[in-house]
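Chemist: 3D, please:
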Amino acid sequence: QVQLVESGGGLVQAGYSLRLSCTASGRSFSGYTMGWFRQAPTKGREFLANIHWSGELTYYEDSVKDRFTISRDNAKNTVYLQMNSLKPEDTAIYYCAADKDGGLGSRVVYDYWGQGTQVTVSS
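Modeler: Just a heads-up that it's a prediction; the model follows:
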């Protein structure tokens, strides 16, 4: 069992940056693909990016690939999402997830989910 806890959300003005963190506990997540998603009010969950357990392979949704960067530190059991040039439309709850099968891409099915962290971007 893996528990995921996101942090780093908050209220920022448009154009600013935030870095989200997701820390895993329960067992080492070094063999897991980690992904980031978000869900805005009245919208469905949106895949953003994922990263292979090695940290060497990443995959991004086209809508965020120029502004968001996913990374991980396996020694700290933590995955990050650096978000730059934030826009009001980035306002959402951001979730991380873990896939024990080590896939990559937007079709990965995840085994574990965090509770989410709120990001609000004001104009």
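
Chemist: the strands in this structure, which residues?
Modeler: Taking DSSP state E, the strands of the chain run over residues 3-7, 10-13, 18-25, 33-39, 45-51, 58-60, 68-73, 78-83, 92-99, 112-113, 117-122.

Chemist: turn those into a markdown table, columns for mean pLDDT and distance to Ser106.
Modeler: The C-beta positions use only the backbone N, C-alpha and C, and glycine is treated the same way. As requested, the strands of the chain are exported to a markdown table (pLDDT from 0 to 100; distance: least, Cβ to Cβ, whole Å):
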| stretch | mean pLDDT | distance to Ser106 |
| --- | --- | --- |
| strand 3-7 | 97 | 19 |
| strand 10-13 | 97 | 26 |
| strand 18-25 | 96 | 18 |
| strand 33-39 | 97 | 9 |
| strand 45-51 | 97 | 5 |
| strand 58-60 | 97 | 7 |
| strand 68-73 | 97 | 13 |
| strand 78-83 | 97 | 16 |
| strand 92-99 | 97 | 12 |
| strand 112-113 | 96 | 16 |
| strand 117-122 | 98 | 21 |
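
Chemist: and of those, who's closest to Gly105?
Modeler: strand 58-60 (5.1 Å; Cβ to Cβ).

Chemist: mind listing the strands that closest one pairs with, and their directions?
Modeler: Using DSSP bridges, strand 58-60 pairs in its sheet with strand 45-51 (antiparallel).

Chemist: what's in contact with the partner strand?
Modeler: For strand 45-51, contacts defined as Cβ atoms under 8 Å, 6 or more residues apart in numbering pick out 33-40, 57-61, 64-65, 68, 70-72, 79, 81, 92, 94-95, 99, 104-106, 108.
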